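Asks: coords please:
(one chain, ligands or ions: 1)
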Amino acid sequence: MPVLTVTTQAVDDIRPLIPLVDPRHPLVFIRRGQGIAGLGEALRLEFRGPDRMREAADTWRRVAAAARVTDELGIPGTGLVALGAFAFADDSTATSVLIVPSVVIGRRDGVSWITRVDCDSALPAATPAGAEFRLGLRPGSLDAAGYTSAVESALQHLRAHELSKVVLARDLVGHLPDGADLRLIVAELALGYPDCWTFAVDGLIGSSPETLVRADHGTVTARVLAGSAARGVDALSDQDAAARLATSTKDLDEHHFALESLMTSLRPHARTLIASELPFTLKLPNLWHLASDIEGTLTDGSSSLDLIAALHPTAAVAGTPTSSALALIAELEPFDRGRYAGPVGWVGADGDGEWAVALRSAQVDDSGDITAWAGAGIVADSDPEKELAETRMKFRPIVEAFG
Ligand SMILES: C=C(O[C@H]1C=CC=C(C(=O)O)[C@@H]1O)C(=O)O
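Replies: You can find the predicted model right below:
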């Protein structure tokens with residue numbers, strides 16, 4: 001086991017964080033200007049297969065126990081941290097990673113800090129942004145017509161009561177120009193979607209509105225999203241869209257499945273789990289969502305990595321029941337989801353951490369190949385054309401950031 005020497009020190013207010021990171025391999029997890037950004041890799045742990053998250057949880061406990069940490073702040077994100085991204089499927093070819101950056105810079109509640117791991121680097125300086133670039137993303141292995149026909153096939157299974165919900169995604173592809181500065185994409189997402197988690201971990205870049213789980217000193221929280229509607233074109237039609245979403249049986253059903261799956265998986269680890277009685281409408285620049293916030297007290301000392309292992313995949317990204325939904329996804333989606341819809345976030349030495357569901361995201365490979373994904377929850381009374389339109393809205397953050 002490596003013995004990492006980790007030192008956190010407070011520094012003068014640093015903002016923004018994004019210009020400080022590597023242009024081609026940005027490491028970022030931020031929301032509303034707060035969070036962590038990293039440079040370099042002091043340690044990289046890779047995992048694969050059905051036990052990838054449990055193995056990560058066990059390995060991380062050992063890494064953290066061996067580390068020599070000096071942390072004068074002791075707030076979420078200081079001390080030893082790893083940023084991570086996990087594959088969606090057990091049989092994915094995508095590796096799941098935990099990366100301990102050599103240098104972490106962070107900002108939370110007006111406090112800024114630098115953490116150095118096995119090094120004594122100076123505070124990183126902002127480097128000038130690269131040239132603007134624009135690229136179009138085109139259909140990948142499932143185009144619009146393929147998607148609606150996959151939804152039609154799913155409807156046959158749903159109407160035969162083989163399952164209650166399945167989340168089907170489609171893909172877009174493109175190629176990054178040589179020398180492109182990915183911080184431009186990250187900054188655009190962070191500015192456009194300030195209330196979402198903007199992340200960049202090992203080439204997985206996106207802005208997710210969904211908190212899979214957050215563990216902080218014994219308190220566990222989550223935000224479940226499922227059920228979506230287009231924003232209106234003016235104030236009145238926008239309010240109308242939100243009101244229709246909040247009363248749509250189809251969307252409330254879709255949401256109910258997602259909330260229940262999360263509560264059922266969390267119950268063995270927490271007590272006094274509280275969710276609002278009815279979902280609320282969450283306004284994003286590109287759409288409305290039905291959302292529920294959940295809070296409870298951890299009872300079994302689970303780390304945030306143990307919790308993502310217990311919770312993934314929720315019905316917001318797979319369906320209900322989980323095993324039938326995963327089988328149907330494997331049958332109808334002609335691609336590997338990679339890390340799309342998997343957990344992305346960070347974990348600290350004590351196991352606390354914040355993990356989002358990697359939605360509204362794209363994977364940029366070292367070759368420059370880009371794949372983006374977006375999906376929609378399908379229930380028995382879904383309309384294939386409307387689900388296709390929903391995936392278009394969900395692609396908007398990524399398509400507009402690259403385009
Ligand atoms: C699967 C996605 O969104 C999920 C999260 C929120 C709302 C959803 C929906 O209304 O279908 C999806 O369950 C995606 O963005 O690719």
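Asks: for this structure, which segments count as helices?
Replies: 52-66, 144-159, 183-192, 235-247, 249-266, 304-311, 322-332, 384-402 (DSSP state H).
Asks: can you tell me which of the ones you listed has the worst average pLDDT?
Replies: Among the helices of the chain, helix 249-266 carries the lowest mean pLDDT, at a mean of 93.
Asks: could you check the angle it makes with helix 384-402?
Replies: Comparing the axes of helix 249-266 and helix 384-402 via axes from the mean of the first three to the mean of the last three Cα atoms, to 10 degrees yields an angle of 70 degrees.
Asks: for residue 127, which of the helices of the chain is the nearest?
Replies: helix 183-192 (8.8 Å; Cβ to Cβ). The way it works is simple: take the backbone N, C-alpha and C, and place the C-beta from them, glycine included.
Asks: partner residues bridging the residue lying closest to residue 59 once chain neighbours are set aside?
Replies: Leaving aside its chain neighbours, residue 59 sits nearest to residue 45 (5.7 Å; criterion: Cβ to Cβ, 6 or more residues apart in numbering). Following DSSP bridges, residue 45 is listed with bridge partners residue 98.
Asks: please give me every residue in contact with residue 45.
Replies: By Cβ atoms under 8 Å, 6 or more residues apart in numbering, the contact list for residue 45 reads 56, 59, 60, 63, 82, 97, 98, 99.
Asks: returning to that earlier point: among the helices of the chain, which is nearest the ligand?
Replies: helix 384-402 (4.1 Å; Cβ to the nearest ligand atom).
Asks: do the closest one and the ligand meet at all?
Replies: Yes. For helix 384-402, a contact with the ligand is found by Cβ under 6 Å from any ligand atom, at residue 394.
Asks: for burial, what's the neighbour tally of the nearest residue to residue 229 once chain neighbours are set aside?
Replies: Residue nearest to residue 229 in three dimensions, not counting chain neighbours: residue 245, with 4.1 Å by Cβ to Cβ, 6+ apart. Counted with other Cβ atoms under 10 Å, the neighbours of residue 245 add up to 23.
Asks: contacts only, for residue 245.
Replies: Listed by Cβ under 8 Å, 6+ apart, the contact set of residue 245 reads 227, 228, 229, 251, 281, 288, 290.
Asks: share the number of residues neighbouring the spatially closest residue to the fifth one that is not a sequence neighbour, please.
Replies: Closest residue in space to residue 281, ignoring its immediate chain neighbours: residue 242 at 4.4 Å, by Cβ to Cβ, 6+ apart. When counting by other Cβ under 10 Å, one arrives at 20 neighbours for residue 242.
Asks: picking up where we left off before, go through the contacts of residue 245 and flag which are in strands.
Replies: Applying DSSP state E to the contacts of residue 245, the entries found in strands are 227, 228, 229, 281, 288, 290.
Asks: got a markdown table for those, with neighbour count, distance to residue 1 and pLDDT too?
Replies: Listed next are the ones in strands among the contacts of residue 245 as a markdown table, based on neighbours: other Cβ atoms under 10 Å; distance: Cβ to Cβ, whole Å; pLDDT from 0 to 100:
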| residue | neighbour count | distance to residue 1 | pLDDT |
| --- | --- | --- | --- |
| 227 | 26 | 44 | 93 |
| 228 | 24 | 44 | 94 |
| 229 | 23 | 49 | 96 |
| 281 | 17 | 47 | 97 |
| 288 | 24 | 47 | 97 |
| 290 | 26 | 44 | 96 |
